[in-house]
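Novice: Following is a predicted model, sequence given first.
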Amino acid sequence: MSRSSEPLAGRSSAAVVGLGLALPPSASQDELWRDFFAARYDGGTRALAERIFANSGVRTRQAAVSPLLEDVADWPTERRMRRYQVEALPLGKEAVDRALTQAGLTAGEIGLFVVCSCTGYATPGLDIILARDVGMAADTQRLFVGHMGCYAALPGLGAAADFVTARGRPALLLCAELTSLHIQPPARRVDTQQIVAHALFSDAAAAVVLAPTDGAGGPPPPGGYAVREVVSATDASTADHMTWEVTDLGFRMGLSPRVPQVLSVHVRALVGDLLARHGLTVSQVDGWAVHPGGPRILNVVQRELGLSDEAMSASRETLAAYGNCSSPTVLLILDRLRRAGPPPRQVVMLAFGPGLTLYAALLSR
C-alpha cells in the first residue's frame, strides 16, 4: 500500500471560485433498458441484466451519442475517437465558459489549463483546441490527465491548486467524459462486469476555476472553497480489480465485485489521517462528495466512516440524476453541495479508480 499527498495545509492560498457544468441530452434508465439494452440479452442473462439496471441507483443518464439513436457497439476505436472530438469540444467549451463567468475571470487570465479525460484521445487534444477557442493566452500552460478514470478530478485539482499556490495566477480544471462512446458488443457469455458498466455510466463535462487568495494566506474570495489538501492511497496488490482497456472496439471496463471490499480496508485511514492533520473529525465535516461508483461503493463508504443518510444524500442524488459520469462526477456533487442552503463549510471529496486508487480532498469555505 502506497500513500501520498500534495500538502497545501495551512496555506489556503488556492480557492475554487467558479464551477460550470455541461450535460448532453438525458434519458430515463427505464427507457434505456426497454428500448436498447433489453434486446441485447436473452434467457437468464436478461433477467440478471434487468435486475442490475433496476438496482443501479440510477434514474436518468446523459449521452452525447445516445444508444436510443445510434448503436456504437460495433464501431472501431478510430471512429469512436473521431466522434469524441466532435462531441467533447462543444461540451467542454460550455462548461469552461460557465466556470469562467461564475469566477468573474476571462480566459486570458488563466495561467494553467488542466484537462482530465479517459474516454477519448486526439492530438491536438481538448487542451490545445479549447485553449485556442476560448481565448487563452499563448503562454498558458497546459496539462492533460489521461486514463486515470473516475478519480482524475482530484489529482487534477491538486495540480491546479499547486500551480495557483506557487505562481499566484488562476488555473482552470476541465473534466470531460463521453462514456456513451464505449458501449461494447453483446457478449457470447454472461459478462456481469459489462452489464454493470452499461447500467451505470453516463456523459458530462465539469470545469472549476481556482484563484489565489490574498498572498498572506487569508480567506478565499466570497463563496469560494479553499483547497486545504489533496491526498491519495494506492493498493497496487489489487491493480487488476478495476481496468479500462483499449480494444479494437472502444475501451472496455473491467470492474471486480471485490472493489468495495478493498475500499473498506483503506478509506477510513485515508480520511481520518487527512482530517486529523487539519484538526478535524468526521463529525465536523458537513459536506461529503463521494464518487458514486455504484450503490455498493456508497454503502461501504457510509458504513466505514459512520456517515448519516443525510451526509450521503448529495452523492446518492447525483448518481440517481446523472449516473456515474467518471471524472466529472465529484464536481457534479460539489456543485449540488454549493447550491444547498446553507452551503457546507467543510467538504471532503472522495473518488476511486484503477490502481486500485483512492483520492481525497479537503475543501473549506
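Specialist: Happy to help now that I have it. Numbers count the residues shown, from 1 in each chain.
Novice: switch to C-alpha atoms for all contacts and neighbour counts from now on
Specialist: Will do.
Novice: Next up, the contacts around Thr45.
Specialist: Val190 (Cα atoms under 8 Å, 6 or more residues apart in numbering).
Novice: Is it within a helix or a strand, and which one?
Specialist: helix 43-54 (DSSP states H and E).
Novice: Quick check: what element follows the host helix or strand of Leu350 along the chain?
Specialist: Assigned by DSSP H and E, Leu350 belongs to strand 346-353. Per DSSP H and E, the first helix or strand lying C-terminal to strand 346-353 is strand 357-364.
Novice: So in that sheet, which strands flank that next one, and in what orientation?
Specialist: strand 225-234 (antiparallel), strand 346-353 (antiparallel) (DSSP bridges).
Novice: Can I get the ones you listed in a markdown table including mean neighbour count?
Specialist: A markdown table is the format used below for those (neighbours: other Cα atoms under 10 Å):
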| stretch | mean neighbour count |
| --- | --- |
| strand 225-234 | 25 |
| strand 346-353 | 24 |
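Novice: what residue is smack in the middle of this protein?
Specialist: Ranked by distance to the mean C-alpha position of the chain (Cα atoms, centre = their mean), the top residue is Ser327 at 2.2 Å.
Novice: tell me the secondary structure for the closest residue to Arg59 other than its chain neighbours?
Specialist: Using Cα to Cα, 6 or more residues apart in numbering and skipping the chain neighbours, the partner closest in space to Arg59 is Ala320 (4.7 Å). Classification of Ala320 using DSSP: H, G, I helix; E, B strand; the rest coil returns helix.
Novice: Just the pLDDT for Ala320.
Specialist: Note for Ala320: predicted pLDDT of 98.
Novice: For it, the count of nearby residues, please.
Specialist: By the criterion of other Cα atoms under 10 Å, Ala320 has 19 neighbours.
Novice: re the thing from before, if you average the pLDDT over the strand holding Leu350, what comes out?
Specialist: 96.
Novice: Contacts for that strand, please.
Specialist: Residues contacting strand 346-353 (Cα under 8 Å, 6+ apart): 148-151, 154, 242, 284-291, 293, 330, 334, 358-365.
Novice: Kindly list the longest helix within the chain.
Specialist: As assigned by DSSP state H, the longest helix anywhere in the chain is helix 77-103.
Novice: and that helix, how far out from the chain's middle?
Specialist: Here the centre of helix 77-103 is set off from its chain's centre by 15 Å, with Cα atoms, centre = their mean, to the nearest Å.
Novice: Tell me where the model's unsure across the chain.
Specialist: Across the chain, residues meeting the criterion (pLDDT under 70) sit at 1-12, 214-223.
Novice: And the helices in it?
Specialist: Using DSSP H, helices in the chain cover 29-35, 43-54, 77-103, 126-134, 153-167, 192-200, 259-276, 295-305, 309-322, 329-338.
Novice: wait, which of those is closest to Tyr225?
Specialist: Among those, the nearest to Tyr225 by Cα to Cα is helix 329-338 (9.4 Å).
Novice: any idea of the angle that closest one forms with strand 225-234?
Specialist: Angle of helix 329-338 versus strand 225-234, following axes from the mean of the first three to the mean of the last three Cα atoms, to 10 degrees, is 150 degrees.
Novice: Please name every helix or strand in contact with helix 329-338.
Specialist: strand 203-212, strand 287-290, helix 309-322, strand 346-353 (3 or more Cα pairs under 8 Å, 6 or more residues apart in numbering; DSSP states H and E).
Novice: which one of the strands paired with strand 357-364 lies closest to Pro186?
Specialist: Across these, closest to Pro186 is strand 346-353 (Cα to Cα), at 24.8 Å.
Novice: what are the C-alpha coordinates of that closest one, in CSV please?
Specialist: C-alpha atoms of strand 346-353 as CSV (Å, rounded to 0.1, in the frame of the first residue of the first chain):
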residue,chain,number,x,y,z
GLN,A,346,-16.0,21.7,5.3
VAL,A,347,-16.2,19.4,2.3
VAL,A,348,-14.4,16.1,1.8
MET,A,349,-14.3,14.8,-1.8
LEU,A,350,-13.6,11.1,-2.3
ALA,A,351,-13.1,9.3,-5.6
PHE,A,352,-11.8,5.9,-6.6
GLY,A,353,-10.4,4.2,-9.7
